[in-house]
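Engineer: Any chance you can model this:
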Amino acid sequence: MPILDLNSIKVQSKWNAFWSKAKDKAIDAAYWIKNNPETVGIITTLGAAIIGGTVKIGKGMMRTHNLRKEQYIKERNIYDRSLGMYLHTRRPLRNKDFVTINARRNKGERLSDILIDMNILD
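Structural biologist: Numbering: from 1, shown residues only. Okay, here's the model as predicted:
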């Protein structure tokens, strides 16, 4: 039966293994570039175009995400001046809800009390 010597086994952490692989890949890439100088220009151009397109798509997606988030916040939050804070609703308010709220506010009720009675608050 063979004897296992734990001192001779080299254990690498995942981080060290990742960096050693990355270093090997970088060395291989540098060697390939030295041996194939004619294709480097093409790859550089394509790489720049791909990165530029990816950045443009990412910016567009972030802009859309931020606009949707802002719209959600505008639809769901109502500012109550008497409390001095925003109230979060379960759903966006409809026109008939605004009519009811305005009628009751003109009678002197607080916005928070109206929304609680209408079961709109989250």
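Engineer: Quick one: classify Y86 as helix, strand or coil.
Structural biologist: strand (DSSP: H, G, I helix; E, B strand; the rest coil).
Engineer: Which residue ranges of this structure form helices?
Structural biologist: With DSSP state H as the criterion, the chain has helices at 14-35, 37-76, 95-106, 111-117.
Engineer: most tightly surrounded among those helices?
Structural biologist: helix 111-117 (a mean of 16; mean count of other C-beta atoms under 10 Å). The way it works is simple: take the backbone N, C-alpha and C, and place the C-beta from them, glycine included.
Engineer: how much distance is there from that helix to the middle of the chain?
Structural biologist: 34 Å (C-alpha atoms, centre = their mean, to the nearest Å).
Engineer: Tell me which other helices or strands it touches.
Structural biologist: strand 77-80, strand 85-88, helix 95-106 (3 or more C-beta pairs under 8 Å, 6 or more residues apart in numbering; DSSP states H and E).
Engineer: So for K69, which of those sits nearest?
Structural biologist: K69 sits nearest to strand 77-80 of all these, at 12.0 Å, using C-beta to C-beta.
Engineer: To H88, which of the helices of the chain lies closest?
Structural biologist: Closest to H88 of the helices of the chain, according to C-beta to C-beta: helix 37-76, at 5.8 Å.
Engineer: Quick one: mean pLDDT over the closest one.
Structural biologist: Helix 37-76 comes out with an average pLDDT of 93.
Engineer: what's near enough to touch T45?
Structural biologist: If a contact means C-beta atoms under 8 Å, 6 or more residues apart in numbering, then T45 has no contacts.
Engineer: when you give positions from now on, start the count at 412
Structural biologist: With 412 as the first residue, the last one maps to T456.
Engineer: Now do it against T511, distance only.
Structural biologist: Using C-beta to C-beta, to the nearest Å, one gets 63 Å for the distance from T456 to T511.
Engineer: hmm, back to that, need the helices and strands packed on helix 522-528 in JSON lines (columns: distance to M473).
Structural biologist: Listed next are those as JSON lines, based on distance: least, C-beta to C-beta, whole Å:
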{"stretch": "strand 488-491", "distance to M473": "22"}
{"stretch": "strand 496-499", "distance to M473": "24"}
{"stretch": "helix 506-517", "distance to M473": "32"}
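Engineer: Since that was my last question, I'll sign off now.
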